[in-house]
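**Q** Predicted model and sequence follow; I will ask about them next.
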Amino acid sequence: MAQMRGQGMELELELELEQGHQHYHNHAVRSTSESGGRIASGESLLQHAHSEGLAPLAFHSHSHSHSHHGHNAGEMNGDVAYGGSGLRTAQSMPAVPMGPPPPGGDGSSFPSFLSPSQYAGPPGPPVFSNPSRPAQPAPDGRHPRGPSSFAEVPLASHLSAPLADNGHGSLGGSNQQGLLEDEFDAYSLSASAPFILFSAQKVLAEKKLMNTASLGFGALVCPGRDIVPSPPVIMHEPLRCQNCGAYVNQHCTIAPNTGFWSCTFCNKSNTSNGEYRVASIDDLRNWPELATSVVDYVDSGTRRPGFVSVSESSMSAPVVLLIDDSLDEEHLTQLQESLHTFLDSLSPATRIGIVTYGRTVAVFDLSESGVAAADVLPGDSSLSHDLKQMLIYGTGVYMAPIHVCLAIAHSIVSALRPYRGGVGEAKRERCLGTALEVVLSLIQGPATELPVGSSKRFGGRSRVLLCVGGPNTLGPGSLPHSNTHPNYAYMEKKAIKHMEHLGQEARRLDIALDVMCAGTCPARIPTLQPLADASGGVLVLHDDFGEVFCTNLQRAVRRSTGFRGILEIRCSDDVAVTRVIGPGEMARGDARLEYFRDDTSTAVRLLSVEDCQAFAITMELVDDLEDNHVYFQMVARYTSMHQAEVTRVITVRLPTTDVLSEYLQSVDDEVAAVLIAKKMVLEAKTARDAADMRALVDERIKDMAVKLGSSGAKSRLRPFPSSLSRLPELLFHLKRGPLLGSIVGHEDERAVYRNLYLQAGFELSLRMMSPRLLMHREAGTFEEVPAHDVAMQSDSVIVLDHGTDVFIWTGLRVAGDETKSAEAQAACLTLAQELTEQRFPAPRMLSFREASSQARYLQSRLIPAHKDPPYEQEARFPQLRVLTVEQRARLKSSFVPTDDPSFSEWMRRLKLTLQ
């Protein structure tokens, strides 16, 4: 049951069990080596590591309908396993759990891996080798096959646990074994960190405390992340549990003599059709799905009949430039320069189309060399069927590979002329709705068909880049040029509905619509945002059509990983998904390829699959936990840009604890803050909502201190939990910043920030919420300092990274020395470019001096710590200790008085103190 509300931004979802029968697919046999009847269980644990990372949707559950399955060995009683020569029950097979790697020859407990403290990012992979195994006849008479080849990843060989007297293995058999397992778990977590980050590395077993709403528990999932080295690639269909639909993984229990495996989530026994029948437990490590937490199953063929391989140039999906031709000369000159640079940057195989719109729609013919020729269509109404037929069946070449038409495309851009009608920007006629209908017809029509003998479907997703300089005022989806029109509210509602319909039609055709607005004319963002959101595109605001605009055009066409995606989320029985926030929508029942009787997973249809996107998933406990671990599995199924069907399976586990202090120590302040911020920003649809969310930040912080902290017996200030010491300042930045605060002047601009934030990956989300401040030092080095205004010292140069904006501020003393100023400016610019090299959208960059009018942009985003007493300033900003009393007085007098509280003042108002 789902109820849509708002601007298509949120769904209330009842999590229901999907009943049905599952059809099990047979798989080719990998190896059939006989061995003793032993069960092996692979163990791995997710560990957090930082990784970067639309109408955002939120799924919210009001009831938990997870079925509860036993997690004991007795659950397997009665399940029949067919061995090589006889009939056995699963219970009769002795268990030998997989353990950590053996000690090295030098006595070290973990020779093959670096400890987590020895590397700053994910470590490079060791060489993965498959030991040879004898080929034996398969039970069904077919020839066996070895494991598929796959990319190198950080994997390790494992040590089988020693057998106990009863013939069963024990993970707790020795202290050394436990230590080895912890070290291997710590290493193996880095494999899944680029794709999933949890707000805590442990789960509190007590339901009441774990479900503390003010802190919460959840994860950030980036299903389309593209990393190097890539996860293991397996070229066959995955094995799935016949009962709940979960995928086989490194935590499953395996019976090597029969190949049967026990599901991690429902504990049911499943056949592998002999694939996991091996002579030795160590041989199971040769299957990547049993050895690492992230694998990609890739089907390079297709289920579409008639598909054949074609060249890259034939498969390239079109990129259509839809250009506003009602621009003033200044803006048009900037746009032309950006478009020329953009065209030159495209891959030679990229298919390009150029359409302009104003009072009419002009579709340019890319076959006419030396002249900008176009078919012109009326823009005051939707195209008739006859006009569409004339256009798409005409003789013009409206899309062509850039290596064929580059010179023609440049001549078309150069031939664009500025608006000469003498009418204000907001009043000019722009038929954006009609132009979009024309573009969608062109992309799906015969004009885009490939040569005979090749695929008729493009490789990847088509993309339309809208270069918008003003509102849509003519034709379908148009608005009056003035919002004082008596019927403006009704017409706006009608226009929003029409644009949303166009966006949905574009997504049906695998076309993303990216709206790039620039200039000073209001573009009526409420009508354009649904267009981008519904199609899986993005809307970005720019000051002008200059360098940043050009950069975003270039990055827009390169950011997709795939399309037509589905994200499935599975958790242990006592953990329930309560909300999913991100660029998706509730998946209908027909979105699943297979049906399973006890499938309790949450399915989300992805509006797009991109490297820079992430989903915020919040979870709660249904009951107190009794097991030592809880398990999570995220599965992303999508079509890659090369038309391969990809199934990315991410399976991780977290340990449970009964001790509150251990749980709080495992909390990642930054991930927890981003999850909290996404929930609050989702609710801040209007200015009034934003004010309510700012008040809610205060209540959240106080509630955390009361429920998770200790009471101060001798102080009127309650101590905030020291394990969460960074969280209050992160949320204080959220409260003051552009997402909830009043820094951004217009509500439309804040709405754009909001939509970008709700789809952003971890790194961009963190920077948009809490800015990062770096101070230039000698020899081009930088020191990261707290984002406080006392860093604005006259003898310094600082860089502030606030996600969508980067500011470079130069003090007057430095600015007075031209040589020193130039060197510092060059170093800061290089740093800013390095920090934002892969970021989409590319941030606006501003450089200014102390005491300039633009300096307020920087100061408004920094905490006004100049209001604090000296001892508090030094405690939070130690660099001030080198200043003399006179220098500190001069620094304090340089700031404009403000009523905004500092962080310390805010905490005192809440009657809290940091320990």
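**A** Nice, I can see it. Numbering: from 1, shown residues only.
**Q** Would you map the helices across the stretch 601-750 of the chain?
**A** Ranges of helices in the stretch 601-750 of the chain, per DSSP state H, counting those that start in this stretch, are 660-666, 669-683, 687-708, 727-736, 747-759.
**Q** Go ahead and name everything in contact with the first one.
**A** Spelled out, that is helix 660-666. 200-204, 209-210, 657, 708, 721, 723-724 (Cβ atoms under 8 Å, 6 or more residues apart in numbering). (Each C-beta comes from the backbone N, C-alpha and C, glycine too.)
**Q** Nearest to residue 338 among the helices of the stretch 601-750 of the chain would be which one?
**A** helix 747-759 (19.7 Å; Cβ to Cβ).
**Q** After that closest one, heading C-terminal, what element do we hit next?
**A** helix 762-769 (DSSP states H and E).
**Q** dump the residue contacts of the residue positioned nearest the centre of the chain.
**A** For the chain, the residue nearest the mean C-alpha position is residue 614 (2.0 Å; Cα atoms, centre = their mean). Going by Cβ under 8 Å, 6+ apart, residue 614 touches 53, 220-222, 582, 759-762, 765.
**Q** in stretch 342-352, what's buried?
**A** Buried residues in stretch 342-352, counted by 16 or more other Cβ atoms under 10 Å: 342-343, 346, 350-352.
**Q** returning to what we had before: any idea which of the helices of the stretch 601-750 of the chain gets closest to residue 546?
**A** With Cβ to Cβ, the closest approach to residue 546 among these belongs to helix 747-759: 18.3 Å.
**Q** helices or strands up against that closest one?
**A** Counting contacts by 3 or more Cβ pairs under 8 Å, 6 or more residues apart in numbering; DSSP states H and E, helix 747-759 packs against helix 525-535, strand 539-542, strand 575-582, helix 669-683, helix 687-708, helix 762-769.
**Q** Give me the angle between that helix and strand 575-582.
**A** Here helix 747-759 runs at an angle of 140 degrees relative to strand 575-582 (axes from the mean of the first three to the mean of the last three Cα atoms, to 10 degrees).
**Q** Check which residues of helix 747-759 are buried.
**A** Neighbour counts over helix 747-759 (16+ other Cβ under 10 Å) mark 748, 750-759 as buried.
**Q** Tell me the gap between it and the middle of its chain.
**A** Per Cα atoms, centre = their mean, to the nearest Å, the displacement of helix 747-759 from the mean C-alpha position of its chain is 16 Å.
**Q** what pLDDT does the nearest residue to residue 848 once chain neighbours are set aside get?
**A** Spatial nearest neighbour of residue 848, excluding adjacent residues (Cβ to Cβ, 6 or more residues apart in numbering): residue 854 at 4.1 Å. pLDDT for residue 854: 91.
**Q** For residue 815, see how far away residue 854 is.
**A** Distance from residue 854 to residue 815, counting by Cβ to Cβ, to the nearest Å: 14 Å.
**Q** just to revisit the earlier point, how about the residue nearest to residue 848, phi and psi?
**A** phi -80, psi -10 (degrees, to the nearest 10).
**Q** count of neighbours near it?
**A** Residues near residue 854, counting by other Cβ atoms under 10 Å, number 12.
**Q** gap between it and residue 863?
**A** Remark: distance between residue 854 and residue 863 (Cβ to Cβ) = 20 Å.
**Q** Could you do residue 421 as well?
**A** Using Cβ to Cβ, residue 421 is found at 49 Å from residue 863.
**Q** Of these two, give the one with the bigger neighbour count.
**A** Between residue 421 and residue 863, counted using other Cβ under 10 Å, residue 863 has the larger neighbour count: 26 against 11.
**Q** how about the helices and strands packed on helix 747-759 in JSON lines, adding mean pLDDT, mean neighbour count and distance to residue 372?
**A** Converted to JSON lines, those look like this (pLDDT from 0 to 100; neighbours: other Cβ atoms under 10 Å; distance: least, Cβ to Cβ, whole Å):
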{"stretch": "helix 525-535", "mean pLDDT": "95", "mean neighbour count": "25", "distance to residue 372": "27"}
{"stretch": "strand 539-542", "mean pLDDT": "96", "mean neighbour count": "23", "distance to residue 372": "25"}
{"stretch": "strand 575-582", "mean pLDDT": "96", "mean neighbour count": "25", "distance to residue 372": "42"}
{"stretch": "helix 669-683", "mean pLDDT": "97", "mean neighbour count": "23", "distance to residue 372": "44"}
{"stretch": "helix 687-708", "mean pLDDT": "95", "mean neighbour count": "17", "distance to residue 372": "45"}
{"stretch": "helix 762-769", "mean pLDDT": "96", "mean neighbour count": "24", "distance to residue 372": "39"}
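**Q** What is the subsequent helix or strand relative to the helix or strand containing residue 828?
**A** Counting by DSSP H and E, the element that carries residue 828 is helix 818-835. The element immediately downstream of helix 818-835 (helix or strand, assigned by DSSP H and E) is strand 844-849.
**Q** what does the helix or strand following that following strand contact?
**A** The C-terminal neighbour of strand 844-849 among helices and strands, as given by DSSP H and E, is helix 855-859. Residues from elsewhere that reach helix 855-859, judged by Cβ under 8 Å, 6+ apart: 789, 792, 798, 800, 805, 807, 809, 846, 848-849, 895-896.
**Q** And the residues you listed, which of them are buried?
**A** Neighbour counting with 16+ other Cβ under 10 Å marks 789, 792, 798, 800, 805, 807, 809, 846, 848-849 as buried within those.
**Q** Contacts only, for the residue nearest to residue 394 when sequence neighbours are not counted.
**A** Once flanking residues are discounted, residue 394 sits nearest to residue 375: 6.8 Å by Cβ to Cβ, 6+ apart. Contact analysis of residue 375 by Cβ under 8 Å, 6+ apart lists 362-363, 365, 391, 394, 396.
**Q** helix, strand or coil for residue 375?
**A** With DSSP: H, G, I helix; E, B strand; the rest coil as the basis, residue 375 sits in strand.
**Q** gap between it and residue 288?
**A** Taken as Cβ to Cβ, the span from residue 375 to residue 288 is 53 Å.
**Q** follow-up on the earlier one: could you export the buried ones among the contacts of helix 855-859 to TSV, including columns for pLDDT and distance to residue 254?
**A** TSV is the format used below for these (pLDDT from 0 to 100; distance: Cβ to Cβ, whole Å):
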residue	pLDDT	distance to residue 254
789	94	59
792	94	61
798	96	56
800	97	53
805	95	52
807	97	56
809	97	59
846	95	58
848	95	63
849	95	66
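**Q** doesn't residue 605 make contact with residue 580?
**A** No: taking contacts as Cβ atoms under 8 Å, residue 580 lies outside contact range of residue 605: 10.9 Å.
**Q** what's the farthest-apart pair in the contacts of helix 660-666?
**A** 203 and 721 (17.4 Å).
**Q** Same drill for those two, tell me which one is more crowded.
**A** Ranked by neighbour count (other Cβ under 10 Å), residue 203 and residue 721 place residue 203 first, with 25 against 22.
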